[in-house]
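> Turn this into a structure:
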Amino acid sequence: MTREKRTRDKRQKELPKPSARQPRLTLRRNAKMARSAHAYVRGNTAKFYEWLDGIDGHALPEGPAIWICGDCHTGNLGPVADAQGRVEIQIRDLDQTVIGNPAHDLIRLGLSLATAARGSDLPGVTTLRMMEALADGYERAFDEVAGDADIRAEKPEAVRVVMKEAVRRSWRHLAEERIDDLEPTIPLGARFWPLAQRERREIAALFEKGSLARLATELRGAGDDADVEVLDAAYWVKGCSSLGRLRYAVLLDIDGAALDGDDLCLIDIKEAAQAAAPRYPGARMPRDNAARVVEGARHLSPSLGERMRAARLGERPVVLRELLPQDMKLTIEQLTRDEAMKAARFLALVVGHAHARQMDRAERRAWLGELRRNRSKTLDAPGWLWTSIVELVSSHEAGYLEHCRRYALESETKKA
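Sure thing, here's the model as predicted:
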């Protein structure tokens, strides 16, 4: 036995058993959220809506009843490929999607950008200008006269870099990141944990259903009668707000060609929980949470929605998505003043297009008119947007510091 194999075996023995996952996941989530105020905002969707609901002194406009992301922070946008391999920046996480108020997405994105600016030690005036750029980019998606070519040409550097990398990525890049090069397996370690036998049986049973097996075969042009075999699966320790829910990585072989590498398929299975984002009263949505997520994705991010399926694993609703090499996370941590403006304007345009495609012309005009009302001489953005951002940044800063205090006490107690 080689030293490398002994080290790997020892590391795998230290991984938690399925029955002992939750405490480890809770610790990891707390640690991730304590890294920065920006990370805390990303991991605290429920608190966002609690704080937003409790804000007094101003009222939010009620936009058209459309599918919204519900958790529209910067980490939930990024390159997404469609079935033909075309890549665009779109919303890439729809766990919280509901038919609701589009203003909520705009505020959530603004809060995320504002905390990123504070983490980059940018002055408050820059945050003010970012919110103006945010409003400008979002409004252009609804303005038939303004167009958006100039904004698309001003992509922030973080977007340019990730787009270039996404376009040139192939299956080999995905395989090198996720699976063992020598064998078609998912390597257990910090990111992937072992499964219980029951979980393996339930996952294998999923892909015996033709409708779910076709999720893997359709993108490869394989026929409906192509064989789909589960080669390996593991619990996936991924995300922040989703830590603690069911999450699996599944490696499939299409038509027995695993040794060629061309017909391997990596599937992400994610539990769909109740959305924290409020829906409009009377809005008709699928009652099943997995079906809700897939339906929202098809409206907001068509490239992603066509590659997703709703199912049930045991008694829980789950969403299945094939991972493509081009699907990447957009990370915006350190910003210069110029990059902050570009990021706010460009990402708001992306969200604006996701909203606008669901509205007819009359709804777009009415919503644009509402967005442009009540501007002041000192702020070229909706007053309700700025007031919400100011109060939410303050609330999140206090919540973040309190989280760090509790997390530090938990860590010291466990060490003792």
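
> Can you list the residue ranges for strands in this protein?
Listed in chain order, the strands of the chain (DSSP state E) span 66-68, 77-81, 87-91, 98-100, 192-193, 228-236, 247-254, 264-271, 308-313, 316-322.

> Adding mean pLDDT, distance to Gly282 and mean neighbour count as columns, could you present these in TSV?
For every residue, glycine as well, the C-beta is placed using N, CA and C. Supplementary listing: the strands of the chain in TSV, determined by pLDDT from 0 to 100; distance: least, C-beta to C-beta, whole Å; neighbours: other C-beta atoms under 10 Å:
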stretch	mean pLDDT	distance to Gly282	mean neighbour count
strand 66-68	98	14	27
strand 77-81	86	29	24
strand 87-91	88	24	21
strand 98-100	97	9	23
strand 192-193	90	42	22
strand 228-236	89	37	20
strand 247-254	88	33	22
strand 264-271	88	27	20
strand 308-313	94	23	19
strand 316-322	93	23	21
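
> Tell me which of those strands sits nearest to Ala213.
Each of the strands of the chain was checked against Ala213 via C-beta to C-beta, and the shortest separation belongs to strand 228-236, namely 4.1 Å.

> which secondary structure elements does that closest one contact?
Using 3 or more C-beta pairs under 8 Å, 6 or more residues apart in numbering; DSSP states H and E as the contact definition, the elements that strand 228-236 packs against are strand 192-193, helix 197-206, helix 210-217, strand 247-254, strand 264-271.

> 7 Å instead, please
strand 192-193, helix 197-206, helix 210-217, strand 247-254 (3 or more C-beta pairs under 7 Å, 6 or more residues apart in numbering; DSSP states H and E).

> hmm, who's touching it?
By C-beta atoms under 7 Å, 6 or more residues apart in numbering, the list of residues contacting strand 228-236 from outside reads 21, 184-186, 188, 191-195, 200, 203-204, 207, 213, 216-217, 247-254, 258.

> Low-confidence stretches in this structure?
Judged by pLDDT under 70, the chain has its weakly predicted residues at 1-13, 55-58, 145-154, 165-183, 217-226, 239-244, 255-263, 332-334, 409-416.

> counting contacts, what elements does the lengthiest helix in it pack onto?
Residue-count comparison of every helix in the chain, with assignments taken from DSSP state H, identifies helix 383-415 as the longest. Contacts defined by 3+ C-beta pairs under 7 Å, 6+ apart place helix 383-415 against helix 21-33, helix 37-42, helix 45-54, helix 102-119, helix 124-140.

> picking up where we left off before, any chance of the strands of the chain in TSV, with distance to Arg361 too?
Supplementary listing: the strands of the chain in TSV, determined by distance: least, C-beta to C-beta, whole Å:
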stretch	distance to Arg361
strand 66-68	14
strand 77-81	26
strand 87-91	23
strand 98-100	20
strand 192-193	48
strand 228-236	43
strand 247-254	41
strand 264-271	36
strand 308-313	29
strand 316-322	33
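
> Which one of those lies nearest to Thr115?
Closest of the strands of the chain to Thr115 is strand 77-81, at 15.3 Å (criterion: C-beta to C-beta).

> CA atoms only for the closest one, dumped as CSV, please.
Once side chains and other backbone atoms are set aside, the C-alpha atoms of strand 77-81 remain, and they are given as CSV (Å, rounded to 0.1, in the frame of the first residue of the first chain):
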residue,chain,number,x,y,z
LEU,A,77,-25.3,34.9,-10.3
GLY,A,78,-22.7,33.6,-12.7
PRO,A,79,-22.0,31.9,-16.0
VAL,A,80,-24.6,29.3,-17.0
ALA,A,81,-24.6,27.1,-20.2
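
> what's that strand in contact with?
For strand 77-81, the surrounding residues in contact (C-beta under 7 Å, 6+ apart) are 87-92, 162-163, 166, 301, 303-304, 324, 326-330, 347, 350.

> Ala344 touches Asp136, doesn't it?
No: judged on C-beta atoms under 7 Å, Ala344 makes no contact with Asp136 at a distance of 8.6 Å.
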